[in-house]
Each structure stands twice: as C-alpha cells, then as structure tokens.
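# Give the three-dimensional model of this entry:
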Amino acid sequence: SACCANAQCPNSSGVSEKMINAQFWIDRLEKPDKVIMSPEEIAVFTEEIKHTPRTYCTDITAYPPMTTAEKLRAAIDPAKNIRKKGYVGDKLPDGNYIAALEAQCNAAAVRGISIVRFAIVSKPTFLRAMPTDDPSYDDPNDFEFDMYIETLLRVWEPLAILHVSLDGAWYYVVSPSASGWAKASDVALTDRATLKKYLAKDFVIVTGSRIAVSRDPNRPRNEFMMGTRFPLADDQAAIDGVTSDYSYAAL
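From the prediction side, this is the model:
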C-alpha cells in the first residue's frame, strides 16, 4: 500500500523489504550448505514414508487391484463428507440440495468387490471432498476458503480410481497424498503397467513458483505449479516448428 511505501509509516506486520529476498533467510542459518540427505537417503526416506501409518502417502503403482464395498462406502460416505452448515455462496443448502448432492456420491451403486482403475492427471484440477464444483464456505461468500477443496492435483500425478459419481462427471480417486473427487474430464485413463512405464522415465520438474508454457504463441499458455513432474520424451524433436535441441521434450 501507499502507507507501507512510506518509511515513516510503521509496518504492523513486522515484515521488512529485505525479508522478501531468499538471502536474508539463508544468512540466518549456521550451515546453509550442509547436506541434509544424500540422493540415496532421500530415496529410502521417500519409500519408507509410503508405508508409514497415518502419513496418507500412497504408492499408486502398488495400489491393490480391488477394493471391498465396505471400504468404498466408508470412503465416499456422504454423511461424513457433506457440510450441511457450509454456505454455498451466501446461502445455506436446503434439504433438496443436500439430498441431490448425497445422491451424486452414488453409494447405492457400490456392491461387492470393485475393480480399481488407474489414471494420470491431464489438467491441473482440484481434488474435492464432494463431487461438485459448488463451494462450501464457513462464512457467506468467503471466497478464499472453499472447505470442499482437499488439494490441487498436478499434471501427471498418478491416480487410483475407485468409484464414479451418479452423473459420471466425477471420479472418486486416491492420489499419492490424498483422496477425494476429481473431474473425469481432467484425468486420462490408463493401466498399471503403462503408468509404471511413464513414471519410471527420466523427468523434469517445476522448481519455481509456476511456469507458463505454450507451443503456439497464438494460443493461451498452460500454467504449471511448483512440483509438477513431466516425463521426458524418448527423443528430442521439433514440436510445432519449435526445436527442442536446446531444451527438453516432455510428455
């Protein structure tokens, strides 16, 4: 604000301009260049955490091929996940709205053993607690806090698909770090063997806050968040007339 730009105006937050730079925080460490874990130790730690109870970290490529009706019903249970006192915009949901949203979970279709399918995220998308784009706010029109959002799913994240919504527009999925409902239009179906093949490829990863990529300057750019992991193509190539001789070709 204009007030904060004035040196005579106290900053109520206590944040100074030098704190915006990474070096300020690096200089506060006794040994900033000390190696915390070797690549080998990181690999062991990553594998161990997948098998540690209550971390909710899941190795999707090792996910069981089937799930029981009892486990699936417990996971999608509308009574557990629906927020009857959460505002949809500036209004509380009425009985008809709640009944329709509960029906969307399609619990009546869960019978016997369910076959698990696999997929990858093809478009950045939210993982949601219920199969709807409608928000659920603690306060009316509290746009910053949609309590139905569990996390953001990044492109190429692997998924185990356990169930489908009544209208077919949503999948109940397990991701490497959380479970919930994802839009069917934002994922691409595959099989376990193909999933393993692509996840085993060399890769590039987004390390900045976000990057914007476009193969065609006349089209909107796709934006990818930090942590997005792209498998590399087998061969460097020219894509839409743009050479990849001095860059990477990712899938």
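
# And what about Ala99, helix, strand or coil?
helix (DSSP: H, G, I helix; E, B strand; the rest coil).

# what sits against it?
By Cβ atoms under 8 Å, 6 or more residues apart in numbering, the contact list for Ala99 is empty. Using the backbone N, CA and C atoms, a C-beta is placed for each residue, glycine as well.

# what's the distance between it and Leu166?
Separation of Ala99 from Leu166 (Cβ to Cβ, to the nearest Å): 12 Å.

# same thing with Ala22?
From Ala22 to Leu166 the distance is 48 Å (Cβ to Cβ).

# Of the two, give the one with the bigger neighbour count.
Leu166 (16 against 8; other Cβ atoms under 10 Å).

# Grab the nearest non-local neighbour of that one.
Distances taken as Cβ to Cβ, 6 or more residues apart in numbering place Asn106 nearest to Leu166, at 4.3 Å, with adjacent residues excluded.

# Run through the strands of the stretch 151-251 of the chain in chain order.
Applying DSSP state E, counting those that start in this stretch to the stretch 151-251 of the chain gives strands spanning 158-164, 170-174, 179-183, 187-190, 203-205, 210-213, 222-225, 229-231, 238-239, 242-243.

# so what's the residue nearest the centre of the chain up against?
Within the chain, one residue has its C-alpha closest to the average C-alpha position: by Cα atoms, centre = their mean, that is Leu153, at 1.9 Å. Contact analysis of Leu153 by Cβ under 8 Å, 6+ apart lists Val121, Pro124, Thr125, Phe126, Leu127, Leu159, Ser175, Ala182, Asp186.

# what do you get for Ala129?
Applying Cβ under 8 Å, 6+ apart to Ala129 gives the contacts Asn81, Arg83, Ser136, Met147, Tyr148, Ile149, Glu150, Gly180, Trp181.

# Please identify the buried residues of stretch 195-210?
Leu195, Leu199, Phe203, Val206 (16 or more other Cβ atoms under 10 Å).

# Closest one of those residues to Thr55?
Thr55 lies nearest to Leu199 out of the buried residues of stretch 195-210, by Cβ to Cβ, at 19.5 Å.
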